[in-house]
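>>> coords please:
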Amino acid sequence: MRLFIALDIPAKIRARLTEYMERARKLAPDARWARVEGLHVTLKFVGTFSDARLEEMKAALTAVKAARFEVKFKGVGFFPNPKAARVFWAAVDGGEQLPCLALAIDAALEGLGIAREEKPYHPHLTLARASSRPLRELQSLLTDPQPQFGTQGFGTMTAREFFLYQSQPQKGGSKYTKLERFRLE
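Residues are numbered from 1 along each chain as shown. Just a heads-up that it's a prediction; the model follows:
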């Protein structure tokens, strides 16, 4: 089964993201837009993992200890950069605690033979991907002074838990199922 670990996003923040994406979609209708209900803050992508060893993973994740912390959703950007934009994303700021949680999860799963992340952790919400050409139409959103385009932010949440998810690829986007919840202290 395909697995990942992530923070869930509250409905209020999803509603603001939905409104923003509906407006932005008009600028780049050919982009592949994310389904808002599938948005999450990825902490660790595991990939394919044996069903038979799922309980071992749950035990390893239960051992991860971290305090609750604030996460802000504000601003947008592009990967790899605005001029060659292939991915349009919303920024996620969890202070030092968010990358520390991702590192703790990474370390806990290493004992199960799951490789550590090689790249630095860059939390974000993928809003759209380029289909055939870069997302240049969306570049104006980086400097647009209109508050409806996210300059005031999409909201703040308190991270109280993280989840182990199963990802099932389907036509039109993967289906995500929560398998287990892990509380933060």
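>>> all contacts plus neighbour counts: C-alpha atoms, from now on.
Fine.
>>> all strands of this structure, in order?
2-7, 32-33, 41-48, 69-79, 87-93, 124-129, 155-159, 161-168, 175-183 (DSSP state E).
>>> To Leu101, which of the ones you listed lies closest?
strand 41-48 (7.6 Å; C-alpha to C-alpha).
>>> Which strands or helices does that closest one pack on?
strand 2-7, helix 97-110 (3 or more C-alpha pairs under 8 Å, 6 or more residues apart in numbering; DSSP states H and E).
>>> who does that strand pair up with?
strand 2-7 (antiparallel) (DSSP bridges).
>>> which ones are touching the residue nearest to the spatial centre of the chain?
Compute the mean C-alpha point of the chain, and by C-alpha atoms, centre = their mean the closest residue is Val41, 2.9 Å away. Contacts for Val41 were tallied using C-alpha atoms under 8 Å, 6 or more residues apart in numbering; they are 6-9, 92, 123-125.
>>> cool, and Asp51?
Asp51 touches Met1, counting by C-alpha under 8 Å, 6+ apart.
>>> how about the helices and strands packed on strand 41-48, which one is nearest Arg183?
Nearest to Arg183, of all those, is strand 2-7, at 10.8 Å by C-alpha to C-alpha.
>>> low-confidence ranges in this protein?
The model of the chain has pLDDT under 70 over residues 143-152.
>>> before we move on, back to that, now do the residue nearest to the centre of the chain against Ala67, distance only.
Using C-alpha to C-alpha, to the nearest Å, we find Val41 at a distance of 17 Å from Ala67.
>>> now Thr126
26 Å.
>>> okay, the two: which has more neighbours?
It is Thr126, of Thr126 and Ala67, that has more neighbours when counted by other C-alpha atoms under 10 Å, with 22 against 12.
>>> now the nearest residue to that one once chain neighbours are set aside: how far from Glu110?
Nearest non-adjacent residue to Thr126, counting by C-alpha to C-alpha, 6 or more residues apart in numbering: Trp89, 4.4 Å away. Trp89 sits 28 Å away from Glu110, going by C-alpha to C-alpha.
>>> More neighbours: which of the two?
Legend: neighbour count by other C-alpha under 10 Å for Trp89 and Glu110, higher for Trp89 (18 against 14).
>>> got a list of what the more buried one touches?
76-79, 124-128.
>>> List only those of those residues flagged as buried.
76-78, 124-128 (16 or more other C-alpha atoms under 10 Å).
>>> Return the member of those nearest to Lys178.
Leu125 (18.0 Å).
>>> For the residue nearest to Pro10 when sequence neighbours are not counted, name its beta-bridge partners.
Distances taken as C-alpha to C-alpha, 6+ apart put Met157 closest to Pro10, at 7.3 Å, once the chain neighbours are dropped. Beta-bridge pairing for Met157 (DSSP bridges): Val71.
>>> Hmm, Met157 is touching Val92, no?
No: Met157 lies out of contact with Val92 (C-alpha atoms under 8 Å); the separation is 10.7 Å.
>>> I'm done for today, thanks for sticking with me.
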